[in-house]
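In: Coordinates only, no sequence provided:
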Ligand SMILES: [Zn+2]
């Protein structure tokens with residue numbers, strides 16, 4: 001087991017943002033962890049949809065990262081249950097990946113499971129509305145894919161976004177994945193409204 005890697009996300013982001021290059025892959029990875037941890041409640045350990053990016057013995061690790069956000073002091077702890085890689089992210093407030101929302105109501109959330117393949121098409125997609133991006137960032141691992149949860153109005157917006165992406169998708173296989181994800185979101189909303 002290696003040591004705990006500590007990162008100051010604001011410093012990484014500022015360092016990467018000189019000029020117009022986008023943040024380095026390592027920084028974007030820490031950003032995804034931050035989005036996953038800030039999309040849900042503090043104090044809970046979430047089995048996130050973020051895949052470990054380590055390659056022990058030259059093979060991609062198959063782990064999904066566990067993430068937990070702590071308020072005081074504000075830090076995000078993450079760890080891979082498969083290879084035991086772990087770290088702490090500090091100074092993430094105010095970075096583009098901080099998706100915390102004050103006064104968030106916790107009732108009336110609907111859950112939808114979509115396939116991991118469809119999820120990867122949504123993850124980090126710049127065409128998503130901010131509320132859809134928040135839902136996608138909060139994706140958690142599920143035995144049948146990735147579970148997304150949100151309030152009905154936000155899921156309505158996500159449904160519109162996913163249908164728009166499917167319409168514009170030229171690749172038939174990817175279009176099918178997005179269509180099926182849209183069907184599942186629509187079905188979950190229908191069940192809820194019944
Ligand atoms: Zn790992």
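Out: Structure received. Note that the coordinates shown come from a computational prediction; the quantities given were computed from them, not determined experimentally.

In: Grab the nearest non-local neighbour of the most centrally placed residue in the chain.
Out: In the chain, the C-alpha nearest the mean C-alpha coordinate belongs to residue 137, at 2.5 Å (C-alpha atoms, centre = their mean). In space, and not counting its chain neighbours, residue 137 is closest to residue 35: 3.5 Å by C-beta to C-beta, 6 or more residues apart in numbering. All C-beta spots, glycine's among them, are computed from the backbone N, C-alpha and C.

In: so what's the one you found up against?
Out: Applying C-beta atoms under 8 Å, 6 or more residues apart in numbering to residue 35 gives the contacts 97, 98, 99, 133, 134, 137, 138.

In: residues in contact with stretch 165-172?
Out: Residues outside stretch 165-172 that contact it (C-beta under 8 Å, 6+ apart) are 121, 122, 125, 127, 175, 178, 179, 182.

In: Quick one, which of the residues you listed are buried?
Out: Neighbour counting by 16 or more other C-beta atoms under 10 Å classes 121, 122, 175, 178, 179, 182 among the contacts of stretch 165-172 as buried.

In: Counting only strands, which of those residues make the cut?
Out: Of the buried ones among the contacts of stretch 165-172, none are assigned to strands by DSSP state E.

In: how about low-confidence regions in this protein?
Out: The chain contains residues with pLDDT under 70 at 1-2, 19-20, 102-107.

In: The ion contacts on that one?
Out: Counting by C-beta under 5 Å from the ion, the positions of the chain adjacent to the ion are 52, 54, 61, 63, 80, 82, 83, 85.

In: Just the buried subset of those residues, please.
Out: 52, 61, 63, 80, 83, 85.
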